[in-house]
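Peer 1: Sequence first, predicted coordinates after that:
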Amino acid sequence: MQQLLNGIFIGSIYALFAIGFTLVFGILDRLNLAHPAVFAASAFVGIELVERGGLSLWAALPIVFVFGAVLGLLIERLAFRPLKGRADAHFAGLISSIALAGMLIALLQWRYGPDTRRFPAGSFPDTRFEVAGAQVTLVQVVILAVSLALMVGLTYMVTRTRLGRGMRAVAENPTAARVLGVNVDRITAVTFAISSALGAVAGVLFAINVNTAQLGMGSAIELKGLAVIIVGGMGSLPGALIGGLVLGLAEVFAVQYIGSSWRDVIAFGLLFLILLVRPQGLLGARRVREV
Amino acid sequence: MLAEYATPLTFIALGAVFAYSFYAVLIAGQLSLGQAGFASVAAFSAATLAPSGDDVGDVPALLVAVVIGMAVGALAAVVLGLPTMHLRGVYLAIATLGFAEAVRVVLLNLEWTGGAQGLGVPRILTVGMAWTALAVVAYWFWRMGRSRYGRALEAIREDELAARSMGIDVGRHRLAAFVTAGAVAGLYGVLFAYYVRLIAPGDFDFSAAVEGLVTAVVGGSTMFLGPLLGSGFQTMVPEIQRAVGVEAGWIRPFLAGLLLLVVILFLPGGLASLIPRRTRMPSSVGGGEDGGTSHLAARRHPTPGETVVSLSGLGKEYGGVHAVRGVDLEIGSGEVVGLIGPNGAGKTTLVNMISGLVPPSSGSATVLGVPVGRTPVHRVAAAGVSRTFQHSKLFNRLSALENVLVGAHLVSRPTFLRRLLWLPSARRDERASLEHAARCLQRVGLGDLAGNRASSLSYGDQRRLEIARALASDPSLLILDEPAAGMNHVEAAGLSELIRSLARGGLTILFIEHNVGMVLETCTRVVVLDFGEVIASGTPEEIAANPAVIEAYLGTADEEPAAGSIAEGTLADPTGGGAHAMPPDTRTPDAVTNVDPGSAGTLPPPDTTPRSAT
């Protein structure tokens, strides 16, 4: 039971991170590899807000959300918009976002140094609950609640609002969307902003969960994020949620029953299997090729 | 002097070899991140299996290790490639990445690899050996570039479907590229192991794979020098920073990232795009028909009157919409058959079935003795079917001449291995192909534009280039899908003349066209399709007088428009359908209302489910 809950908590963070990833891929057909750097950056910024700004853990979250959104706009402007209309935009976007991620991590190193950072002592409330014989901290409950709230909010936005309709239109066919008066550039920028804001919140939540932030934390989760969006189906929001939870649970149980050193084999074995059997992922739609 | 720079120079060579393993697949448009896994497996196997340098001497030991490593790398690529070759783009990248990560974790947990401590390997590699290995690899890709095999890979990168239609076995070529990548990655793994003294599975992780990919793309993934330039760039940027006194810490990675960003944003083809790309032109064109073609493979064409296409009860259904229904059609050798009909009548679906792109849902079709639908597209092409597409599917980043050279894939001989050995016969074959391609270009009037990029041509020229490319395979059956779309009267008349001259040479031609005037004056037989069914078939004179045809084209007041228009996707036809190309006498307002707004109620509701929310 304890393992199940732990799996769900870590899985919800993976899901939140992966949803930001998959949002950009699903709507804009681009893989933004600067996303993990946003994840890491926001963890450091979150810690600084609590440490120096004296904010409570929860007050820092909205600020980090905005910080992530701004980073997202920057990423779009610097790494993706200049590539618009190029035949190799796919590869080039991968590389330019990797370059930007490298710059971002270098800036973090300049500001915070290469060492691991932690939240100041006493910033966590020590309320605990007992759920069916398992220990759950208030912090974990809030992590789950925030992740779920953001995912539900995003789903509502995409399916119900005007902005979401614009996003779906761009996802279907950017040219047609433009012809019909959708401001594709604005939708693109907003998509990046939302995606990065989610990645940023995921970063802080992750840092809260393990009480550490490291420069390399982004690359550690990058692979998992990719695995999650493949398992769930590229571009599928519910798929990313399910994929995140599946991965979190698989990891926790693999550690318990097989040993921690084999943990990642499970994750990637699963990933590989799904790609072979169902390349479009659990909930992904297969795209039809035109002649 | 050299000793001082030996370390960075060796790393440039190593980085370049690794980058070539990415180049090997990028050239075919595949994105793989599994090379780190191949390198890892190869390095550990070779270091364990190869004899010690003390027993057999250093260089033989390294050579044996290289052979083992390349074989293991290639084998790993086959094992991974067979189940994953149907994946495309990012999916392939992530599947191969998953493989590489799984390899890393497995090696980390095995006894014989030394786990996280790593495995000690003697340092044998010198800077000279590293550069020799690099030179061999670079030579391989240099000679590949202008060979038939290299062009086929580029064609696959540019447009896979068109490459298939030109008779290229895409699956085999993609696997071959993948296995090459595996062997080169294996080579890198071994060289790396015999230089750094201690290898651990962590040396071949995700960031190593990304580094290799970045090197290949920054250098340029369309030119064989690219990986070398990329590696020089990636290795020298930190070295130069150190030399000019940029302090360590955050500034170096920041500047490296910034430079990378600048290169990728402002040099679309990578660093290699700074080197002008030479377009080859045949030295002599038209040096006698027989002189050139003797080096090209001869094809057997059907004798006049022999049945070329035989369709019986052929039908295609898309989710309840009958795009084509019960079509029976026989086309004999030497006929010029025009296929006309309103938008959405199922014309393109029908020719897609004949050329093997779309499997029929009912009925059977035999084309040039091949049962299409159960035969891969490239085999249908090999049987002698060649086609153009409704929306041009050219290899955009290749020159016009290169496009046609790819079209000649089926009639030219493989030249890559002979080019590696500089055999004169390869040179002769290449020249023969070039002259053949140039003749095809001249035939459609594009001789002067041979060196231009396909994407830079005007719309009409692109259509003509597609015809030249289709002709280059010396087909028995030529299928043209709206060849005159976007052409003016004069150009269309020229096209009509070209089609008739091809037919005089014995070629069987099936073409879809909305320019009814042109069809009537060009064809020996006209087939009219409406709602997926053949409503008339006969000589141009019979068709012009057929009341059913006139009704289909002009429509009647109370008729509900065709549902088949959705199936064929002509709603999104950027050419605006065919009415514009019809001569004034047949043109009436009703001719275009095959799909009118009022018909929306009879169409299946569009699928509004967003991809992002499914």
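Peer 2: Received it, and whenever you're ready, just let me know what you need.

Peer 1: Those residues of the stretch 101-250 of chain A touching chain B, which are they?
Peer 2: A:101-103, A:105-107, A:109-110, A:155, A:158-159, A:167-168, A:171-172, A:176, A:219, A:222-223, A:226-227, A:230, A:233-238 (Cβ under 8 Å from any Cβ of the partner chain). For glycine as for every other residue, the C-beta is placed from the backbone atoms N, C-alpha and C.

Peer 1: 7 Å instead?
Peer 2: Residues of the stretch 101-250 of chain A lying close to chain B by Cβ under 7 Å from any Cβ of the partner chain are A:102-103, A:105-107, A:109-110, A:158-159, A:167-168, A:171, A:219, A:223, A:226-227, A:230, A:235-237.

Peer 1: which of those count as buried?
Peer 2: For these, a burial check counting by 16 or more other Cβ atoms under 10 Å in any protein chain shown picks out A:102-103, A:105-107, A:109, A:158-159, A:167-168, A:171, A:219, A:223, A:226-227, A:230, A:235-237.

Peer 1: Tell me where the model's unsure across chain B.
Peer 2: B:1-3, B:248, B:277-295, B:297-298, B:554-614 (pLDDT under 70).

Peer 1: Please enumerate the strands of it.
Peer 2: Assigned by DSSP state E, the strands in chain B fall at B:119-120, B:198-199, B:307-318, B:321-332, B:336-340, B:362-367, B:370-371, B:385-387, B:477-481, B:508-512, B:525-530, B:533-538.

Peer 1: Which strands border the third one, and is each parallel or antiparallel?
Peer 2: Pairing partners of strand B:307-318, with direction, according to DSSP bridges: strand B:321-332 (antiparallel), strand B:362-367 (antiparallel).

Peer 1: Switch those over to a markdown table; also include mean neighbour count and distance to B:A493.
Peer 2: Output for the strands paired with strand B:307-318, formatted as a markdown table (neighbours: other Cβ atoms under 10 Å in any protein chain shown; distance: least, Cβ to Cβ, whole Å):
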| stretch | mean neighbour count | distance to B:A493 |
| --- | --- | --- |
| strand B:321-332 | 20 | 25 |
| strand B:362-367 | 18 | 30 |
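
Peer 1: B:V528: which of those strands is closest?
Peer 2: Taking Cβ to Cβ, strand B:321-332 is the member of the strands paired with strand B:307-318 nearest to B:V528, at 11.6 Å.

Peer 1: And the strands in chain A?
Peer 2: Under the criterion DSSP E, chain A contains strands at A:128-131, A:134-137.

Peer 1: pLDDT on the first one, on average?
Peer 2: Along strand A:128-131, the predicted confidence averages to a pLDDT of 78.

Peer 1: rewinding a little: packed most tightly, which of the strands of chain A would that be?
Peer 2: strand A:134-137 (a mean of 15; mean count of other Cβ atoms under 10 Å in any protein chain shown).

Peer 1: tell me the contacts of residue 114?
Peer 2: Just so you know, I chose chain A. For A:P114, the contact set (Cβ atoms under 7 Å, 6 or more residues apart in numbering or on different chains) comprises A:L215.

Peer 1: Compute the distance between it and B:G334, please.
Peer 2: The gap separating A:P114 from B:G334 is 77 Å, by Cβ to Cβ, to the nearest Å.

Peer 1: Pull the contacting residues for residue 29.
Peer 2: Looking at chain A here, since you left the chain open. The contact partners of A:D29, taken as Cβ under 7 Å, 6+ apart, number zero.

Peer 1: right idea, wrong chain: chain B
Peer 2: B:G29 touches B:I156, B:R157, counting by Cβ under 7 Å, 6+ apart.

Peer 1: No further queries at this time; thank you.
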